[in-house]
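Enquirer: Quick one, what's the 3D model for this:
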Amino acid sequence: MAMLSRVAEHLYWMARYLERAENMARLITANGNLILDLPKDIRPGWDALIAITGSHERFYDRHTVTNENNVLRFLIGDDRGQGSILSALRFARENARTIRDIVPRELWEQINGLYLHASERLADGLSARRRFGYLQDTILGVQQIAGIGAGTMSHDAGYEFYRLGCNLERADMTTRILDVRYKDYELGTADAVKPFENILWTSVLKSLTAYQMYRRHRQAAVRRTEAVDFLMKDESFPRSVRFCVLEMEDSLRRLPRSEEPLKVLEPVDRLLRAFSPDAVTQKELHEFVDELQICLGHIHDSVSACYFEAPAGPDAARISRPRAA
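Expert: Presented below is the predicted three-dimensional model:
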């Protein structure tokens, strides 16, 4: 069982950090496109990304101004913490390296190769002209790893921990994006912003690769209420909070001794089923997301207490990302 606990924790954190790197690449890409699409006086700027990742304290330890250059250096190439693309890939690689005898060789080689590629081409990621290609390579690289994992790993207990990590990280990022972006795009008091509501919420959907699926299932123009409802409650889109919760429940039911984590998961499911965004204010949504974030943290704590016996990899790889302000 000790071996299973060690391997399980490395698989769990490997998945979380890979998902984190992909989410960050998507978020930076979507924010860059949004800034190009909107008039200068209503652009959201780059500081919103620091809020989404909950990185205020660490960012201001290194920088004094939240301009494009500083924010992107921090979110793409900062290797002293755990919030950047490069550091997430490094932690994923470290966890994979520790269990090289367990995971398929092709999976380890792809993770190692993606980290080395991201490191060697970091200058491209920090260049305005070459940044998009760098971020797309990261996204496609992580997706390729996910495909290799699904297609070559035995779908046993270890794979369920891999799924748990991936879905918990996805749910975390979706709630963060909705909380911060909903605040940025509170439209009731700014007439100048109203004509751009479709562009604003299309950017939110695209940052989670949800735009096409939203249009397919909702068959309606992109609006704030419908977008929030889709990203919170849709049961078939892989990056909605509800879908991730259902996937975590399925993984836990396939694992032994999962009674306690399943009990911790129940409040999240109840919250999502009761949530209705039709008349929600920003304050109410922020309070709802706060509650969801606390529940997600409890899920992580419960899984750790139930299954993980010792730290996996670098100490920083065990620290949950702080809650966004």
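
Enquirer: where along the stretch 151-300 of the chain do the helices fall?
Expert: 157-184, 197-207, 211-218, 224-233, 241-253, 259-274, 282-307 (DSSP state H, counting those that start in this stretch).

Enquirer: Now Phe237, what are its backbone angles?
Expert: phi -90, psi 130 (degrees, to the nearest 10).

Enquirer: Look up the closest residue to it, ignoring the ones flanking it.
Expert: Excluding its sequence neighbours, the residue lying closest to Phe237 (CB to CB, 6 or more residues apart in numbering) is Met213, at 5.1 Å. Any C-beta I mention is one placed from the backbone N, CA and C, and that applies to glycine too.

Enquirer: The one you found contacts Leu231, correct?
Expert: No. Using CB atoms under 8 Å, Met213 is not in contact with Leu231; the gap is 10.4 Å.

Enquirer: anything in contact with each of the two?
Expert: Residues touching both Met213 and Leu231 (CB atoms under 8 Å, 6 or more residues apart in numbering): Phe237.

Enquirer: tally of neighbours for Phe104?
Expert: Let me fix one detail, which is that residue 104 is Pro and not Phe. Pro104: 15 surrounding residues under other CB atoms under 10 Å.

Enquirer: Begin at 25 from now on, thanks
Expert: From this message on, residue numbering opens at 25, which makes the last subject Pro128.

Enquirer: re the thing from before, dump the helices of the stretch 175-324 of the chain into CSV; add distance to Val95 as well.
Expert: Formatted as CSV, these follow (distance: least, CB to CB, whole Å):
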stretch, distance to Val95
helix 181-208, 14
helix 221-231, 15
helix 235-242, 24
helix 248-257, 24
helix 265-277, 26
helix 283-298, 31
helix 306-331, 22
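
Enquirer: Would you tell me which one of those is buried the most?
Expert: Most buried of those, by mean neighbour count (mean count of other CB atoms under 10 Å): helix 181-208, with a mean of 23.

Enquirer: so what secondary structure elements neighbour that helix?
Expert: helix 26-61, helix 71-77, helix 155-176, helix 221-231, helix 248-257, helix 265-277, helix 306-331 (3 or more CB pairs under 8 Å, 6 or more residues apart in numbering; DSSP states H and E).

Enquirer: Go again with 6 Å.
Expert: If you count contacts as 3 or more CB pairs under 6 Å, 6 or more residues apart in numbering; DSSP states H and E, helix 181-208 packs onto helix 26-61, helix 71-77, helix 265-277, helix 306-331.

Enquirer: Tabulate the ones you listed (a markdown table), appending mean pLDDT and distance to Arg247.
Expert: Shown next, in a markdown table, are these (pLDDT from 0 to 100; distance: least, CB to CB, whole Å):
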| stretch | mean pLDDT | distance to Arg247 |
| --- | --- | --- |
| helix 26-61 | 88 | 17 |
| helix 71-77 | 83 | 20 |
| helix 265-277 | 97 | 19 |
| helix 306-331 | 90 | 15 |
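
Enquirer: among the ones you listed, which is nearest Trp225?
Expert: helix 26-61 (10.4 Å; CB to CB).

Enquirer: Name the residues of that closest one that are buried.
Expert: Under the neighbour-count criterion of 16 or more other CB atoms under 10 Å, helix 26-61 has 29-58 buried.

Enquirer: pLDDT below threshold where in the stretch 125-274 of the chain?
Expert: 205-219 (pLDDT under 70).

Enquirer: Kindly recompute the last result at 50.
Expert: In the predicted model of the stretch 125-274 of the chain, residues 211-213 satisfy pLDDT under 50.

Enquirer: pretty sure Arg44 is touching Leu110, no?
Expert: No. With contact defined as CB atoms under 6 Å, Arg44 does not reach Leu110; the gap is 11.4 Å.

Enquirer: circling back to that earlier point, which stretch among the helices and strands packed on helix 181-208 comes nearest Glu184?
Expert: With CB to CB as the criterion, Glu184 lies closest to helix 265-277 of those, at 4.2 Å.

Enquirer: Off-centre distance for that closest one?
Expert: 15 Å (CA atoms, centre = their mean, to the nearest Å).

Enquirer: Report all helices and strands that that helix contacts.
Expert: If contacts are counted by 3+ CB pairs under 6 Å, 6+ apart, helix 265-277 sits against helix 181-208, helix 283-298.

Enquirer: Now render these as TSV, adding distance to Asp71.
Expert: Output for these, formatted as TSV (distance: least, CB to CB, whole Å):
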stretch	distance to Asp71
helix 181-208	10
helix 283-298	29
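
Enquirer: Isn't Leu255 up against Arg266?
Expert: No. Contact between Leu255 and Arg266 fails when scored by CB under 6 Å: they sit 9.1 Å apart.

Enquirer: What is the burial count for Gly149?
Expert: Gly149 has 25 neighbours, counted by other CB under 10 Å.

Enquirer: Repeat that for Asp103.
Expert: Based on other CB under 10 Å, the number of other residues close to Asp103 is 12.

Enquirer: Now do it, the pLDDT please.
Expert: pLDDT recorded at Asp103 is 76.

Enquirer: ok, now the one 5 residues further on?
Expert: Listed pLDDT for Ser108 reads 92.

Enquirer: For Asp180, see how far away it is.
Expert: Look at Ser108 and Asp180: by CB to CB, to the nearest Å, they are 32 Å apart.
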